[in-house]
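Enquirer: 3D, please:
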Amino acid sequence: MKKKFKKVNAAILIIGNEILSGRTQDQNVSFISKWLNETNGISVAEVRVIPDIEKTIIFTINELRKKFNYVFTTGGIGPTHDDITAQSLSKAFKVKYEYHKEAFSILQKYYGKIKFNDGRKKMSKMPKGAKLIYNPSSAAPGFKIKNVFCLPGVPLILKSMIHNCSKYLNKGSKVLSDSINLITVESNISRELATIQKKFKKDIDIGSYPFFRLGRVGVSIVLRSQNKHKISLCKKAILKNIVIKKKIKSV
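Expert: Coordinates of the predicted model:
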């Protein structure tokens, strides 16, 4: 019986002027992408970086949530005036922006009534009907509304809480990968590689990536697919038609 592979995809939306300005370097995309695939079999199909502008957030969220199974946002859920992600999502989903009772209680207990100022209270405001994504590091929760997951931009905090998203996710088939490293240049194998990609276009994504290691120029050929058998067949075709026929050394 032929195995059925389930495709589930996601988009990542990085929200923050500090990313666009170059002041802060994003560390979340690779972590989220790897976690989604390895833990849940969900492939990230698109990544966008946008500024802290309400209209832009609303437009982008509404576009991505219709296009992909899930959307993960990072940034803009803190205590300051430019943290407008939660408010913008309320408008995107056309629901009230209000204090979440449980989130309010969690933060009040964490900070204590005296230190629970307006900025900290703001972190418990989110779209009506949102479900919490608990935060074991600094208490302030993220949230989920329909297929959109809102997480903080601070990498260490995000990493500590992302596993709390799992219970809301439908799992897909994990994307597997294999690679072949050749001592050659891309132009020397491009024709054969294109022919092989055409043959396996329904099942395999072939990428070629130049490298320079220890004084040697080479190309890493990476094969990605949900089908382990197809990866094996594609690898054999590359070894036969490129490595053996063209007498290229692999490393």
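
Enquirer: helices or strands up against the helix or strand Leu107 falls within?
Expert: Element membership for Leu107 (DSSP states H and E) is helix 101-111. Other elements packing on helix 101-111 under the criterion 3 or more Cβ pairs under 8 Å, 6 or more residues apart in numbering; DSSP states H and E are helix 118-122, strand 139-145. C-beta: built from backbone N, CA, C; applies to glycine.

Enquirer: adding mean pLDDT, distance to Cys165 and mean neighbour count, write these out as CSV.
Expert: Compiled in CSV, the helices and strands packed on helix 101-111 are given as follows (pLDDT from 0 to 100; distance: least, Cβ to Cβ, whole Å; neighbours: other Cβ atoms under 10 Å):
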stretch, mean pLDDT, distance to Cys165, mean neighbour count
helix 118-122, 97, 22, 14
strand 139-145, 98, 7, 23
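
Enquirer: who's in contact with the helix holding Leu107?
Expert: 116, 120-121, 123-124, 126, 132, 139-141, 143 (Cβ atoms under 8 Å, 6 or more residues apart in numbering).

Enquirer: out of those, which is nearest to Lys94?
Expert: Nearest to Lys94 among the contacts of helix 101-111 is Met126, at 14.4 Å by Cβ to Cβ.

Enquirer: adjacent strands (with direction) for whichever helix or strand that closest one is part of?
Expert: Assessed by DSSP H and E, Met126 sits inside strand 125-127. Strand 125-127 pairs in its sheet with strand 97-99 (antiparallel), by DSSP bridges.

Enquirer: so where's the protein uncertain?
Expert: Applying pLDDT under 70 to the chain flags the ranges 1-3.

Enquirer: one more time with 50
Expert: Scanning the chain for pLDDT under 50 picks out 1.

Enquirer: where do the strands of it begin and end?
Expert: Remark: strands assigned in the chain by DSSP state E are 8-15, 42-50, 70-74, 97-99, 125-127, 131-135, 139-145, 148-151, 176-182, 205-213, 216-225.

Enquirer: out of the ones you listed, deepest packed?
Expert: When you average the neighbours per residue for each of those (mean count of other Cβ atoms under 10 Å), strand 70-74 leads with a mean of 27.

Enquirer: chain center to it, what's the gap?
Expert: Offset of strand 70-74 from its chain centre (Cα atoms, centre = their mean, to the nearest Å): 7 Å.
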